[in-house]
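Peer 1: no FASTA, just this:
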């Protein structure tokens, strides 16, 4: 073969190899990834806790039956606003009224007995006992005087010993009668004192019985103890009620309490006097405001959840929130005004630290940029943003995650910036 031809063939083979290598290299080169980015902005951030709760009256008045009887009349309706002293319902108290009249009669008789006992017993009997003793004492004294007179007459021989003996016998009998009647008078006085104690005890017992029956008769008319809303009236005319059974419940509902059930992991963020918003599915366009009052001190089971029961005071000026309804509770636990904020999606976590990818303009290419992985420190967060405490400055550009995995030193092309960020916020 001609040498010149052989060299030409080798040159063509070499060029073909170089061309093949270049084509392989070009075919293996990946295109520069396209990403979206955002500029951190100043925002007002509010972190909130959402849960469910139940409405309760703050100072309810509960009225219960004080006797077993029938409901005679119902003079109010459930949900009605009533004034203090207004009649709510009437109970049948005829039996209690009859027993009260009987007890009042017994009380009068017992009080008479007590007055007599305190005066020394029944007047006629006391007079008889005292009169008998006085008569016996007078007879004894007379016999004693006769004894002395007879002794003088015997000395003058004007009386006999038989007359003296007869008088002394009568004197002994009179002294025995005095002793007997004096003992009887002491026994009478002792029994009078005992009767006084017993009469006083009986008067006290009957007075208690009368007081109980008077209260039962008074309870025949159930009246409002204060101004408020009658929110529970579970009985109707003709119903039979037993002692202790619920008759009515009422309260001033212009301010109510909401018992919010807060899940255990969120209890640490609760404080007193934080703003609260209440919504009710039955009135979806309405919102009620209030504040937290009593932060839970323990966790209790609530269905399948472990919760703390947070008590909130809520304004209810139009009386629309009803006791025992289930409501939605939102608590603004922390608020930051005008802080630097970055979208939650732009923040990644690694080993307990948080970081973002900052977009750095590439000096060699106008359309290309380089990513810098940078650690940041965050504060509070709401549904869409983190508060940036340190690590970022206003005006810096932060990459948003997309179809490709971001890494430090990565070359990218930014196709959208702040416009995407605002669209995401408005759509959210």
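Peer 2: Perfect, thanks for sending it. Here the structure is a predicted model, which is why all the values come from computation and not from measurement. Numbers count the residues shown, from 1 in each chain.
Peer 1: beta-bridge partners for residue 311, please?
Peer 2: residue 259, residue 294 (DSSP bridges).
Peer 1: next up, the contacts around the closest residue in space to residue 87 that isn't next to it in sequence.
Peer 2: Nearest residue to residue 87, sequence neighbours excluded (CB to CB, 6 or more residues apart in numbering): residue 75, at 4.7 Å. Using the backbone N, CA and C atoms, a C-beta is placed for each residue, glycine as well. For residue 75, the contacting residues are 87-90, by CB atoms under 8 Å, 6 or more residues apart in numbering.
Peer 1: and these, which is closest to residue 323?
Peer 2: The closest of the contacts of residue 75 to residue 323 turns out to be residue 88 (CB to CB; 16.6 Å).
Peer 1: and the longest helix anywhere in the chain, what other elements does it pack with?
Peer 2: As assigned by DSSP state H, the longest helix anywhere in the chain is helix 161-218. In terms of contacts (3 or more CB pairs under 8 Å, 6 or more residues apart in numbering; DSSP states H and E), helix 161-218 is packed against helix 94-118, helix 123-155.
Peer 1: got a list of contacts for stretch 362-382?
Peer 2: By CB under 8 Å, 6+ apart, the surrounding residues in contact with stretch 362-382 are 32, 45-48, 334, 336, 339, 342, 344, 347, 353-361, 386-392, 397, 399, 406-414.
Peer 1: same thing with stretch 148-163?
Peer 2: With CB under 8 Å, 6+ apart, stretch 148-163 has contacts from 164, 167.
Peer 1: how about 10 Å then?
Peer 2: With CB atoms under 10 Å, 6 or more residues apart in numbering as the test, stretch 148-163 has contacts from 146, 164-168.
Peer 1: can you check stretch 386-394 too?
Peer 2: Applying CB under 10 Å, 6+ apart, the set of residues contacting stretch 386-394 is 39-43, 45, 47, 334, 336, 339-347, 354-356, 358, 374-381, 398.
Peer 1: one more pass at 6 Å, please.
Peer 2: Stretch 386-394 is contacted by residues 40, 45, 336, 339-342, 344, 347, 374-380 when judged by CB atoms under 6 Å, 6 or more residues apart in numbering.
Peer 1: put the buried members of these into a ChimeraX selection.
Peer 2: In ChimeraX, a selection of the buried entries from the contacts of stretch 386-394 looks like this (16 or more other CB atoms under 10 Å):
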select :40,45,336,339,340,341,342,347,376,378,379,380
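Peer 1: between the contacts of stretch 386-394, which is nearest residue 139?
Peer 2: Among the contacts of stretch 386-394, residue 380 lies closest to residue 139 (CB to CB), at 111.4 Å.
Peer 1: which strand or helix spans that closest one?
Peer 2: strand 369-381 (DSSP states H and E).
Peer 1: what pairs with that strand, parallel or antiparallel?
Peer 2: Here strand 369-381 is paired, per DSSP bridges, with strand 353-361 (antiparallel), strand 385-390 (antiparallel), strand 411-416 (antiparallel).
Peer 1: in JSON lines, list the ones you listed along with distance to residue 65 and mean neighbour count.
Peer 2: Converted to JSON lines, those look like this (distance: least, CB to CB, whole Å; neighbours: other CB atoms under 10 Å):
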{"stretch": "strand 353-361", "distance to residue 65": "64", "mean neighbour count": "18"}
{"stretch": "strand 385-390", "distance to residue 65": "58", "mean neighbour count": "19"}
{"stretch": "strand 411-416", "distance to residue 65": "73", "mean neighbour count": "15"}
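Peer 1: can you list the low-confidence ranges for the stretch 51-200 of the chain?
Peer 2: Residues of the stretch 51-200 of the chain that meet the criterion pLDDT under 70 lie in 117, 119-127, 129, 187-195.
Peer 1: how far does whichever strand or helix holds residue 328 sit from the chain's center?
Peer 2: Assigned by DSSP H and E, residue 328 belongs to strand 326-343. Taking CA atoms, centre = their mean, to the nearest Å, one finds the center of strand 326-343 at 27 Å from the center of the full chain.
Peer 1: tell me which helix or strand the nearest residue to residue 266 once chain neighbours are set aside sits in.
Peer 2: Nearest residue to residue 266, sequence neighbours excluded (CB to CB, 6+ apart): residue 49, at 5.1 Å. According to DSSP H and E, residue 49 maps onto strand 41-57.
Peer 1: which parts of that strand are buried?
Peer 2: In strand 41-57, counting by 16+ other CB under 10 Å, buried: 41, 43, 45-49, 51-55, 57.
Peer 1: farthest-separated two in these?
Peer 2: Checking the buried residues of strand 41-57 with CB to CB, the most distant pair is 41 and 57, at 45.5 Å.
Peer 1: what domains does the record give for the chain?
Peer 2: 29-46+337-427, 49-58+252-334, 61-91+222-249, 94-218 (automatic domain parsing).
Peer 1: end to end, how far does the longest one reach?
Peer 2: It refers to domain 94-218. 12 Å (CA to CA, to the nearest Å).
Peer 1: what is the neighbour count of residue 210?
Peer 2: By other CB atoms under 10 Å, the residues close to residue 210 number 18.
Peer 1: that one contacts residue 101, correct?
Peer 2: No. Residue 210 lies out of contact with residue 101 (CB atoms under 6 Å); the separation is 10.0 Å.
Peer 1: can I assume residue 67 sits in a helix?
Peer 2: No. Counting by DSSP: H, G, I helix; E, B strand; the rest coil, residue 67 is not part of a helix but coil.
Peer 1: about what we covered before: out of the contacts of stretch 148-163, who has the most neighbours?
Peer 2: Most surrounded of the contacts of stretch 148-163: other CB under 10 Å gives residue 167, at 21 neighbours.
Peer 1: need the phi and psi values for the residue nearest to residue 295 when sequence neighbours are not counted.
Peer 2: Nearest residue to residue 295, sequence neighbours excluded (CB to CB, 6+ apart): residue 270, at 5.0 Å. The phi/psi pair for residue 270 (degrees, to the nearest 10) reads phi -80, psi 140.
Peer 1: then the one 10 residues further on?
Peer 2: Per-residue torsions, residue 280: phi -130, psi 130 (degrees, to the nearest 10).
Peer 1: and the nearest residue to it once chain neighbours are set aside, how many neighbours does it have?
Peer 2: Closest residue in space to residue 280, ignoring its immediate chain neighbours: residue 327 at 5.0 Å, by CB to CB, 6+ apart. Applying other CB under 10 Å, we find 22 residues neighbouring residue 327.
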